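# What shape does this take:
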Amino acid sequence: MKRGKVVIVGAGMVGTSIAYSIINQSICEEIVIIDINEAKAMGEALDMMHAMEFMNYKTIVRSGNYNDCSDADVIIITASVPMDSKLTNRMELLSKNKNVMKSIVESIMASGFNGILLIVSNPVDIMTYYAWKISGLPKEKVIGSGTTLDSARLHYYIAKTVDVSPSSVHAFVIGEHGDSEMVAWSTATIGGKDIYNVCKDNVERIGKNPYEKFLEEVKNAGWDVFSKKGNTSYGIAASVTGILKSILYDENKVYPVSVYLDGEYGVSDVYVSVPTIINNEGAKEIVELHLTDEENQKFKNSCLILKNKCLEFLN
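The predicted structure is shown next:
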């Protein structure tokens, strides 16, 4: 198994939770944490090294600078302006994060980096598009975490209602990681049985039409956690670690990540979440779901919202 080098830009709760998730699963050889607050990055790295005795594999965790990016396999960007309770949606972070992302990506590319960029900073679809434009890397090598966590949250809420394991639920949240996201219900299954028939056969447990309820729970999940603890960290850390593992270990797993569409789904020139095969090439292949006409319209509407925001953002 390949144990590569991973650089994490951002030593906040998300970045450090990702680093800790990685070392708990022992999936890479070295992690370098970069942050504008160098002392914070050093402290976080040292704290994790103190825990290494209890891990399955000794991962080297240290703080560093952008020179460390030159030979990295994957760079995970989590850096962002701080969230606060006054924000009503992720798009409000857009103008504030523009200069942050520009500075980070230019510094990364100046090192000679030629690996895979994994963007987590919000609003993730537009930040990923922007990072791709600045970096000059092939589109396959720039990926956003997208709706991977949203889909995991969907699995959780469905599984809790039906009383099965979340791993037995197969359903994708696609589109924007945000207000216009949607669920491809026509492709959803529970234990191999399509969700429409599951709901039909379990009306007393699930209700006649639970679909909007499930989607609203997913949309509100992040804000619900944020309002209670001041951040969201463990869910995104686990989902990003899953994506990273598929890259480093060439697993060919399918995740709903934010990728560049160039005609797929009848959409072009936008980064948006769709099921994608992930391996050591990055985004190896986009999986085109057979959506219903209604789902297709909702998905294209979500893409249009992102494209309009991108145009506004880049101008």
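# burial of Ala221, as a residue count?
If you count neighbours by other CB atoms under 10 Å, Ala221 ends up with 19. Backbone N, C-alpha and C define where each C-beta goes, glycine included.
# Let me fix that, I meant to ask about Ser273.
30.
# What are the structural domain limits within the protein?
Domain assignment for the chain by automatic domain parsing gives 5-144, 148-314.
# All the strands of this structure, residue numbers only.
Under the criterion DSSP state E, strands of the chain are mapped to 5-9, 30-34, 60-63, 74-77, 116-119, 142-144, 169-170, 173-174, 182-183, 189-190, 193-194, 253-262, 268-279, 282-286.
# as a whole number, average confidence for the second one?
Per-residue pLDDT values across strand 30-34 average out to 98.
# Let me know the angle separating that strand from strand 5-9.
If you take axes from the mean of the first three to the mean of the last three CA atoms, to 10 degrees, strand 30-34 sits at 20 degrees to strand 5-9.
# List the contacts of strand 30-34.
Here strand 30-34 makes contact (CB atoms under 8 Å, 6 or more residues apart in numbering) with 4-11, 15-16, 19, 22-23, 41, 44-45, 48, 59-66, 68, 72.
# Backbone dihedrals for the residue nearest the centre of the chain, both of them.
Central residue of the chain (CA atoms, centre = their mean): Ser145, 1.6 Å from the mean position. Per-residue torsions, Ser145: phi -60, psi -20 (degrees, to the nearest 10).
# quick one: the closest residue to it other than its chain neighbours from Ala184, how far?
Distances taken as CB to CB, 6 or more residues apart in numbering put Val120 closest to Ser145, at 4.8 Å, once the chain neighbours are dropped. Noted for Val120: a distance of 23 Å to Ala184, by CB to CB, to the nearest Å.
# Between those two, point out the one with more neighbours.
Comparing Val120 with Ala184 by neighbour count (other CB under 10 Å), the higher total belongs to Val120, at 27 against 23.
# does that one really touch Ile76, like I thought?
Yes. Counting by CB atoms under 8 Å, Ile76 is a contact partner of Val120 at 6.3 Å.
# on that earlier part again, and the strands of the chain as JSON lines, adding distance to Met101?
Shown next, in JSON lines, are the strands of the chain (distance: least, CB to CB, whole Å):
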{"stretch": "strand 5-9", "distance to Met101": "10"}
{"stretch": "strand 30-34", "distance to Met101": "14"}
{"stretch": "strand 60-63", "distance to Met101": "21"}
{"stretch": "strand 74-77", "distance to Met101": "7"}
{"stretch": "strand 116-119", "distance to Met101": "8"}
{"stretch": "strand 142-144", "distance to Met101": "12"}
{"stretch": "strand 169-170", "distance to Met101": "33"}
{"stretch": "strand 173-174", "distance to Met101": "24"}
{"stretch": "strand 182-183", "distance to Met101": "26"}
{"stretch": "strand 189-190", "distance to Met101": "37"}
{"stretch": "strand 193-194", "distance to Met101": "40"}
{"stretch": "strand 253-262", "distance to Met101": "14"}
{"stretch": "strand 268-279", "distance to Met101": "13"}
{"stretch": "strand 282-286", "distance to Met101": "19"}
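# Out of the ones you listed, which is closest to Ala221?
strand 173-174 (10.7 Å; CB to CB).
# which helices and strands sit right next to the closest one?
Secondary-structure packing of strand 173-174 (3 or more CB pairs under 8 Å, 6 or more residues apart in numbering; DSSP states H and E): helix 148-162, strand 182-183, strand 268-279.
# Now render these as JSON lines, adding mean pLDDT and distance to Gly230.
As requested, the helices and strands packed on strand 173-174 are exported to JSON lines (pLDDT from 0 to 100; distance: least, CB to CB, whole Å):
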{"stretch": "helix 148-162", "mean pLDDT": "97", "distance to Gly230": "18"}
{"stretch": "strand 182-183", "mean pLDDT": "98", "distance to Gly230": "28"}
{"stretch": "strand 268-279", "mean pLDDT": "97", "distance to Gly230": "26"}
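# With distance to Tyr234 added, can I get those in JSON lines?
Output for those, formatted as JSON lines (distance: least, CB to CB, whole Å):
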{"stretch": "helix 148-162", "distance to Tyr234": "10"}
{"stretch": "strand 182-183", "distance to Tyr234": "23"}
{"stretch": "strand 268-279", "distance to Tyr234": "20"}
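# lowest average confidence, helix or strand, in this structure?
helix 203-206 (a mean of 88; mean pLDDT, DSSP states H and E).
# Not counting that helix itself, show me its contacts.
161-163, 198-199.
# Please give the centre-to-centre distance between it and its chain.
Centre-to-centre, helix 203-206 and its host chain are 32 Å apart (CA atoms, centre = their mean, to the nearest Å).
# What residues of it count as buried?
By 16 or more other CB atoms under 10 Å, the buried positions in helix 203-206 come out as Ile206.
# Next up, the contacts around the nearest residue to Ala159 once chain neighbours are set aside.
Excluding its sequence neighbours, the residue lying closest to Ala159 (CB to CB, 6+ apart) is Pro166, at 4.2 Å. Pro166 sits next to 152, 155-156, 158-159 when contact means CB under 8 Å, 6+ apart.
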